[in-house]
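Trainee: Take a look and give me a structure for this.
(one chain, ligands or ions: 1)
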Amino acid sequence: MYEISEKLRELLAADLPVAVLTGAGVSAESGVPTFRGDEGLWKQFQPEELANVDAFLANPELVWNWYQYRRNIISQVEPNQGHFSLAKMEKRLSSFTLITQNVDDLHRRAGSRNILELHGNIVRNKCIKCGRQYENLPESEEVPQCECGGLIRPDVVWFGEMLPQDIIQKAFLAAEKASVFFSIGTSALVQPAASLPVMAKNRGAYLVEINVEPTVLSSHADEFLQGKSGEVLPVIIRECGLE
Ligand code: OAD
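Mentor: Sure, this is the predicted structure:
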């Protein structure tokens, strides 16, 4: 069983501002592969090799098909108890911000509403030439083309690209304001998301990490809860009276 500290119970009971950063690990129990680690590999490619504009321009079909592969998985899976627990937390707390690196839409499907999607959302696409947005295009192995002739790409943030400025600003504000910051299911390796928990801690937040294994962040955390987010989060919700 997971040991939830008295300190965490007190902070959550006091209804202080909470911010959460999630990564691919939160969706792992739904059956969405993470990016890193053996299970994260798709045809032996590392995410950095595929999730960038140069890779798309050099081999659009390869990159498009990687996203099609991820979309197919996502369309067949359901949110898990980790997603549902975070949606419950949002309903119970007066100030709650969910910051996610995930593009899979599962937080929204679980009922979360105040979500900052740092890396975009995989259901959307956009033309690389004119920027026109397209949602839920029919499945195809070939890269679709916009009416203007440009190739259509997923509307997600790739390595080397700027994050949406308004969203990252809101995320930093929430981290600054947070009394409790949870980092859940992320390897905490990709910037600028990875600096949010450290920044929150430097500003006085109580930092809680939930992960199946220690990460680069673990030594900074006030509390490291080792386990699956779909198992640890329901315990927190139950034991801290947030059900
Ligand atoms: P990673 O694949 O780097 O890390 C997933 C983390 O989840 C690892 O630390 C695992 O130990 C942990 N994990 C796995 N299963 C878990 C479970 N059931 N419960 C809790 N933790 C679990 O994924 P991210 O950190 O999300 O960016 O990767 C960050 C970014 O890198 C992604 O948004 C994506 C990627 O390349 C872009 O595409 C721009």
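Trainee: is any part of stretch 176-191 close to the ligand?
Mentor: Yes: interface with the ligand: stretch 176-191 contributes Gly185, Thr186, Ser187, Leu189, Val190 (Cβ under 6 Å from any ligand atom). Just so you know, the C-beta spots here come from the backbone N, C-alpha and C atoms, and that holds for glycine as well.
Trainee: quick one: average pLDDT of the helix or strand Phe224 falls within?
Mentor: Per DSSP states H and E, Phe224 falls inside strand 223-226. What strand 223-226 shows for mean pLDDT is 97.
Trainee: Flag every buried residue along that strand.
Mentor: Of all the residues in strand 223-226, those buried under the rule 16 or more other Cβ atoms under 10 Å are Glu223, Phe224, Leu225.
Trainee: neighbours around Gly230, how many?
Mentor: By other Cβ atoms under 10 Å, 21 other residues sit near Gly230.
Trainee: Adjust the sequence numbering to begin at 5 for everything that follows.
Mentor: With 5 as the first residue, the last one maps to Gly234.
Trainee: So what does it look like in phi/psi?
Mentor: Dihedral angles of Gly234 (phi, psi; degrees, to the nearest 10) stand at phi -70, psi -10.
Trainee: ok, it - contacts?
Mentor: Each residue near Gly234 by Cβ atoms under 8 Å, 6 or more residues apart in numbering is listed here: Glu33, Asn84, Gln85, Gly86.
Trainee: if I look at whichever residue of the chain sits closest to the ligand, how far off is Gln50?
Mentor: Relative to the ligand, the nearest point of the chain is Gly29 (2.3 Å; Cβ to the nearest ligand atom). To Gln50, Gly29 is 17 Å away according to Cβ to Cβ, to the nearest Å.
Trainee: More neighbours: which of these two?
Mentor: Comparing Gly29 with Gln50 by other Cβ under 10 Å, the one with more neighbours is Gly29, at 26 against 12.
Trainee: How about that one: what's its closest non-neighbour residue?
Mentor: Nearest residue to Gly29, sequence neighbours excluded (Cβ to Cβ, 6 or more residues apart in numbering): Gly189, at 2.4 Å.
Trainee: re the thing from before, name the helices or strands packed onto the strand holding Phe228?
Mentor: Under the contact definition 3 or more Cβ pairs under 8 Å, 6 or more residues apart in numbering; DSSP states H and E, strand 227-230 sits against strand 210-215.
Trainee: Which neighbours in the sheet does the strand it packs on have, and how are they oriented?
Mentor: Sheet pairing of strand 210-215 (DSSP bridges) gives strand 184-188 (parallel), strand 227-230 (parallel).
Trainee: And for the first one, what's in contact with it?
Mentor: Residues from elsewhere that reach strand 184-188, judged by Cβ under 8 Å, 6+ apart: 12, 15-16, 20-27, 29-30, 86, 179, 200-201, 204-205, 209-215, 221, 225, 233, 237.
Trainee: Just the buried residues from those, in PyMOL please.
Mentor: Burial among these is assessed by 16+ other Cβ under 10 Å; the matching PyMOL selection reads:
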select buried, resi 12+15+16+20+21+22+23+24+25+26+27+29+30+86+179+200+201+204+205+209+210+211+212+213+214+215+221+225+233+237
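Trainee: Thanks a lot, catch you later.
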